[in-house]
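*Asks:* Sequence and computational prediction follow.
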Amino acid sequence: MSSASVDARAALARLYREDHGYESDPLGEARVVEAGSSPTYGEMLPAATNHLLRYLQLGPKDVFYDLGSGVGKVILQTAMTVPVASCVGIELMRSRHRIAQRLIGRARSEGLLQAADCRARNSDFMRARLGDATVVYSCSTAFPTDLMMGLAARLARLPIGLRLVSTQELEDNDWFSLEDVLHLDMSWHRRSKVHAYRLVRRRWR
């Protein structure tokens, strides 16, 4: 993975040279707040994404989701690094989604993707289809607690074994077991805690 990762990081820097998720978008921010989430933007840094991918050991049967995927950096880096079945980013703010969609298209046209599929969806992840996910990542630090518990309850309906990686620690629940705490560099803080969970009990109601 190391040589592919270096190439992916270089390609990511080139693709995103003029695009980022920090532009002001009052209408988009209002839409996010209305959905009960936070428009605050932050990113996992590319070297940290490589560390996470090495930890996850994704394979060709995995479907990787990023909930609140911003401009798509994590799903695009994943898709350029690992030959997974699919990488899917779900982002509610249209301005960020458009950047992700455009740059995924550019990476695909340049033949940079190892993943069989990579796509960005403009949607509320609390309503979007997630049923094929095997691994879910969320840069969730700014999410309200109620949203995090609602998300955990929603993901708990998926098959046992689902892995959830969250920058925010979940409150105690009957569904997810904490497997590890990683310390990864984020745009707002170095060596931030990133929590790796596994679904061990499904929610049937």
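*Replies:* Received, thanks.
*Asks:* average pLDDT across the helix or strand hosting His195?
*Replies:* Under the criterion of DSSP states H and E, His195 resides in strand 192-199. Over the span of strand 192-199, the pLDDT mean works out to 98.
*Asks:* in its sheet, what does it sit against?
*Replies:* strand 163-166 (antiparallel), strand 176-184 (antiparallel) (DSSP bridges).
*Asks:* any residues touching it, and which ones?
*Replies:* 44, 52, 55, 141, 155-156, 158-170, 175-186 (C-beta atoms under 8 Å, 6 or more residues apart in numbering). Any C-beta I mention is one placed from the backbone N, CA and C, and that applies to glycine too.
*Asks:* Which of those are buried, as a PyMOL select command?
*Replies:* Entered in PyMOL, the line below selects the buried ones among those, by 16 or more other C-beta atoms under 10 Å:
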select buried, resi 44+52+141+155+156+158+162+163+164+165+166+167+168+170+175+176+182+184+185+186
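*Asks:* Geometric centre of this structure: which residue is closest?
*Replies:* Asp66 (2.2 Å; C-alpha atoms, centre = their mean).
*Asks:* Across the sheet, point out what pairs with that residue.
*Replies:* Gly89, Tyr137.
*Asks:* That one: what's it in contact with?
*Replies:* 72, 74-75, 87-90, 136-139 are the contacts of Asp66 under C-beta under 8 Å, 6+ apart.
*Asks:* Could you check the pLDDT of Val19?
*Replies:* That one is not Val; residue 19 is Asp. On the pLDDT scale, Asp19 is placed at 91.
*Asks:* Check the burial of it by counting its neighbours.
*Replies:* 16 (other C-beta atoms under 10 Å).
*Asks:* ditto for Gly150
*Replies:* By other C-beta under 10 Å, neighbour count at Gly150 equals 14.
*Asks:* what sits against it?
*Replies:* Gly150 makes contact with Met126, according to C-beta under 8 Å, 6+ apart.
*Asks:* Could you measure from it over to Arg14?
*Replies:* Relative to Arg14, Gly150 is positioned 38 Å away (C-beta to C-beta, to the nearest Å).
*Asks:* what's the answer for Pro46, then?
*Replies:* Pro46 is 12 Å from Arg14, by C-beta to C-beta.
*Asks:* do the same with Leu56
*Replies:* In terms of C-beta to C-beta, Leu56 sits 25 Å off from Arg14.
*Asks:* and if you look at Gln101?
*Replies:* From Gln101 to Arg14 the distance is 18 Å (C-beta to C-beta).
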